[in-house]
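Participant: Sequence and predicted structure, then a few things I'm wondering about:
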Amino acid sequence: MRFHALATDYDGTIAHDGAVDADTLKALEKLKKSGRKLIMVTGRELPDLLAIFPRLDLFDLAVVENGAVVYNPATKETRVLAEGPPPKFAEELRKRGVQPLSSGHVIVATFVPHQNTVLDTVRELGLELQVIFNKDAVMVLPSGINKATGLAAALAELGLSPHNTVGVGDAENDHAFLKMCECSAAVGNALPAVKDTADIVMKGQRGAGVAELIEQLIADDLSGLKTLARHRVPVGNADGGQEETLDPAGAGVLVCGTSGSGKSTLTTALMERLAHAGYQILVVDPEGDYTNLEFAHIIGNTNQAPRPEEVTEALRDPKRSIVVNLLGVPLADRPAFFAQLLPRVLEEKARTGRPHWLVVDESHHMLPAGPDAANLATQLPDRGTLYITVHAGAMETRALDHVRTLLVIGGHPAKTVEEFCKAIGEKRPKCPPVSGNKLPTGDTMLWRRGDKNAVIVHTQPPRTERKRHSRKYAEGNLGADRSFYFRGPDGKLNLKASNLFMFVQLADGVDDDTWEFHRANGDYSQWVREQIKDNQLADELAEVEADAETGPRDARAAVRAAIEARYTLPSDAPSGKID
């Protein structure tokens with residue numbers, strides 16, 4: 001379910017002349033039975049609303065006073081979100097003959113034609129107040145307070161996101177809260193300006209229009225609403241100039257490519273755009289590749305395994321994206337940890353619609369082909385999943401069933417597309433030719449299932465600086481087959497560097513003959529290129545290796561400086577000159 005809440009205005013939306021009819025009440029009850037939340041968002045003051053609307057108990061929360069106050073009908077608790085105007089403001093308005101005039105916890109309200117008197121009084125008293133119009137109503141509130149700020153507070157209290165909310169209204173003061181909702185609706189009697197900006201305009205007026213919206217919401221979760229395409233996230237531009245995008249509530253995506261080809265860079269760029277738009281992302285990160293995401297909270301590290309309850313607790317904040325770093329979990333146990341975590345994540349997603357995206361790195365390891373992963377794959381959400389792998393064919397095919405968009409990078413992209421198609425049992429599309437059988441850095445081959453042709457898309461790099469802070473490479477354990485070994489010219493040594501920290505430590509201590517032997521062979525740049533998967537650092541080290549004029553001491557210093565410029569090493573990493 002995409003939409004978990006309906007936020008509705010009162011007057012002119014569910015109510016006509018202050019009253020809500022029986023059919024509208026039945027529709028609201030039906031929405032509640034579907035498991036969704038109801039939020040009232042009105043300019044009325046609470047005592048007035050309670051006096052004219054006895055069924056406020058249908059609503060989980062009511063935002064009153066045009067966003068200044070949140071009321072819980074179940075507990076009768078009132079939360080004031082701002083400090084109201086000083087008493088002298090209302091007193092001065094009464095002196096100037098402004099009637100009728102009402103004051104709530106925060107709001108001061110009257111009607112036209114008193115708007116000029118209100119504006120003059122605000123200016124003469126030097127108050128930082130705003131005047132908001134709602135048809136004939138004139139409302140005075142502190143600057144920055146409106147229905148959107150009130151709805152944001154209500155959604156936070158319910159643990160919901162605006163991206164899982166539909167808003168419906170009719171008048172000027174509804175613009176702010178409708179704009180923040182993922183889907184905005186206008187009833188048939190709404191002002192033209194409200195209709196012009198809404199995602200959907202109902203045929204029915206007032207309560208009949210709301211009932212019509214509720215029927216569509218329950219029937220198909222508004223899945224056929226084309227105007228929601230405004231939320232699509234850009235991937236890049238194809239050669240013809242057309243922009244290729246992803247639906248933030250769409251089916252699964254697979255990023256696939258050769259080792260070291262830049263999968264994490266492409267994925268980071270996509271996640272940045274999703275996070276910037278306010279979508280919540282949960283990254284399952286087996287190798288610590290995403291611990292530098294500025295928009296995410298990191299759970300787990302090299303020395304401490306994450307706890308599933310930590311993750312589910314963190315997910316309750318709709319504004320927080322999360323990276324679950326599994327470096328502290330033994331390699332063989334990581335798929336089991338994912339299997340343990342997934343049901344908790346799915347429970348939260350069923351309750352709130354979040355996380356909006358579940359990102360699974362090293363998917364061939366977390367969801368390998370086989371009965372265990374096959375059972376797990378049946379639980380995976382069919383929308384909002386992003387998988388990252390080297391070999392699509394090594395993944396459980398039932399997980400691939402959720403994938404509708406393939407993004408291929410690196411070498412032999414057509415072969416990778418063919419491997420994916422073979423795994424899912426579909427005919428391979430026509431793939432555009434690629435010079436040297438390798439996509440340039442920053443390009444991806446995009447194919448949507450069902451299309452006859454794949455296209456090459458030129459992507460934009462992530463805004464996050466690609467200075468790597470990955471603890472996996474800096475201080476994790478890369479394993480015996482990926483470590484660097486200082487052996488020396490005669491093979492007498494066997495000094496193992498299982499990460500970059502150990503490498504700079506050992507480089508500081510080995511004799512010059514050993515250091516120069518590996519330097520002359522280009523071993524340092526080769527190790528970084530093949531095992532650390534950092535081509536830029538490898539190029540820098542290759543320059544040091546090729547510089548015959550630089551002696552061992554200065555070469556060591558240059559290599560260390562290049563590494564420390566790109567990675568955050570532990571605080572006791574060697575520093576200063578090497579003697």
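Facilitator: That came through, no problem.
Participant: If we go by neighbour counts, what in stretch 228-244 is buried?
Facilitator: If you call a residue buried by 16 or more other C-beta atoms under 10 Å, then stretch 228-244 has these buried ones: 228, 231-233, 235-236, 244. Just so you know, the C-beta spots here come from the backbone N, C-alpha and C atoms, and that holds for glycine as well.
Participant: One more: stretch 50-64?
Facilitator: Neighbour-count burial for stretch 50-64 [16+ other C-beta under 10 Å]: 53, 56, 59-64.
Participant: if we can go back for a sec, just name the closest of the buried residues of stretch 228-244 to residue 416, please.
Facilitator: Ranked by distance to residue 416 (C-beta to C-beta), the buried residues of stretch 228-244 are led by residue 235 at 16.9 Å.
Participant: which residues does that closest one contact?
Facilitator: The neighbours of residue 235, taking C-beta atoms under 8 Å, 6 or more residues apart in numbering as the test, are 244-246, 270, 407, 444, 446, 457, 459.
Participant: From residue 429, how far off is it?
Facilitator: As for residue 235, its distance to residue 429 is 17 Å (criterion: C-beta to C-beta, to the nearest Å).
Participant: Would you double-check that residue 167 falls in a strand?
Facilitator: Yes - the assignment for residue 167 is a strand, going by DSSP: H, G, I helix; E, B strand; the rest coil.
Participant: And it, how close does it get to residue 474?
Facilitator: For residue 167, the distance to residue 474 equals 46 Å [C-beta to C-beta].
Participant: Comparing these two, which shows the higher neighbour count?
Facilitator: When residue 167 and residue 474 are compared for neighbours, residue 167 comes out ahead with 30 against 26, by other C-beta atoms under 10 Å.
Participant: Isn't the more buried one up against residue 7?
Facilitator: Yes - counting by C-beta atoms under 8 Å, residue 167 touches residue 7, with 4.6 Å between them.
Participant: Need the residues touching each of those two.
Facilitator: 41, 151, 177, 181.
Participant: Among the residues you listed, which one sits closest to residue 440?
Facilitator: residue 181 (40.1 Å).
Participant: That closest one - nearest residue in space that isn't next to it in sequence?
Facilitator: Leaving aside its sequence neighbours, residue 181 sits nearest to residue 167 (C-beta to C-beta, 6 or more residues apart in numbering; 3.6 Å).
Participant: Would you reformat the contacts of residue 235 as a markdown table and include secondary structure, pLDDT and distance to residue 158?
Facilitator: Output for the contacts of residue 235, formatted as a markdown table (DSSP: H, G, I helix; E, B strand; the rest coil; pLDDT from 0 to 100; distance: C-beta to C-beta, whole Å):
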| residue | secondary structure | pLDDT | distance to residue 158 |
| --- | --- | --- | --- |
| 244 | strand | 96 | 35 |
| 245 | strand | 96 | 30 |
| 246 | strand | 96 | 28 |
| 270 | helix | 96 | 28 |
| 407 | strand | 97 | 35 |
| 444 | strand | 96 | 38 |
| 446 | strand | 97 | 37 |
| 457 | strand | 96 | 38 |
| 459 | strand | 93 | 36 |
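Participant: Please check these and keep the buried ones.
Facilitator: Applying 16+ other C-beta under 10 Å to the contacts of residue 235, the neighbour count classes 244, 246, 270, 407, 444, 446, 457, 459 as buried.
Participant: need the residues you listed in a markdown table with distance to residue 318, can you?
Facilitator: Formatted as a markdown table, these follow (distance: C-beta to C-beta, whole Å):
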| residue | distance to residue 318 |
| --- | --- |
| 244 | 28 |
| 246 | 20 |
| 270 | 20 |
| 407 | 27 |
| 444 | 30 |
| 446 | 30 |
| 457 | 30 |
| 459 | 28 |
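Participant: just those residues now: which is nearest residue 34?
Facilitator: residue 246 (27.7 Å).
Participant: Pull the contacting residues for that closest one.
Facilitator: So residue 246 contacts 232-233, 235, 253, 270, 405 (C-beta under 8 Å, 6+ apart).
Participant: Most widely separated two among these?
Facilitator: Largest separation among the contacts of residue 246 by C-beta to C-beta: 232 and 253, giving 12.7 Å.
Participant: Ends of stretch 314-324, what's the gap?
Facilitator: 11 Å (C-alpha to C-alpha, to the nearest Å).
Participant: now it: mean pLDDT?
Facilitator: When pLDDT is averaged over stretch 314-324, the result is 95.
Participant: how far is that stretch from where the chain is centred?
Facilitator: Chain-centre distance of stretch 314-324: 9 Å, with C-alpha atoms, centre = their mean, to the nearest Å.
Participant: in that stretch, what's buried?
Facilitator: For stretch 314-324, burial by neighbour count (16+ other C-beta under 10 Å) applies to 314-315, 318, 320-324.
Participant: mind listing which of these are in strands?
Facilitator: The members of the buried residues of stretch 314-324 that map onto strands under DSSP state E are 321-324.
Participant: Longest helix of the chain, counting residues only.
Facilitator: helix 334-352 (DSSP state H).
Participant: Can you check what angle separates that one from strand 321-325?
Facilitator: Per axes from the mean of the first three to the mean of the last three C-alpha atoms, to 10 degrees, the angle that helix 334-352 makes with strand 321-325 is 160 degrees.
Participant: Show me which positions of helix 334-352 end up buried.
Facilitator: Neighbour-count burial for helix 334-352 flags 334-335, 337-339, 341-342, 345, 348-349, 352 (criterion: 16+ other C-beta under 10 Å).
Participant: Relative to residue 194, which of those is nearest.
Facilitator: Nearest to residue 194, judged by C-beta to C-beta, of those is residue 352 at 27.8 Å.
Participant: Quick check: the gap between that closest one and residue 210.
Facilitator: Going from residue 352 to residue 210 by C-beta to C-beta gives 23 Å.
Participant: Could you point out which residue ranges in the stretch 1-150 of the chain have low pLDDT?
Facilitator: Counting by pLDDT under 70, the stretch 1-150 of the chain contains no low-confidence residues.
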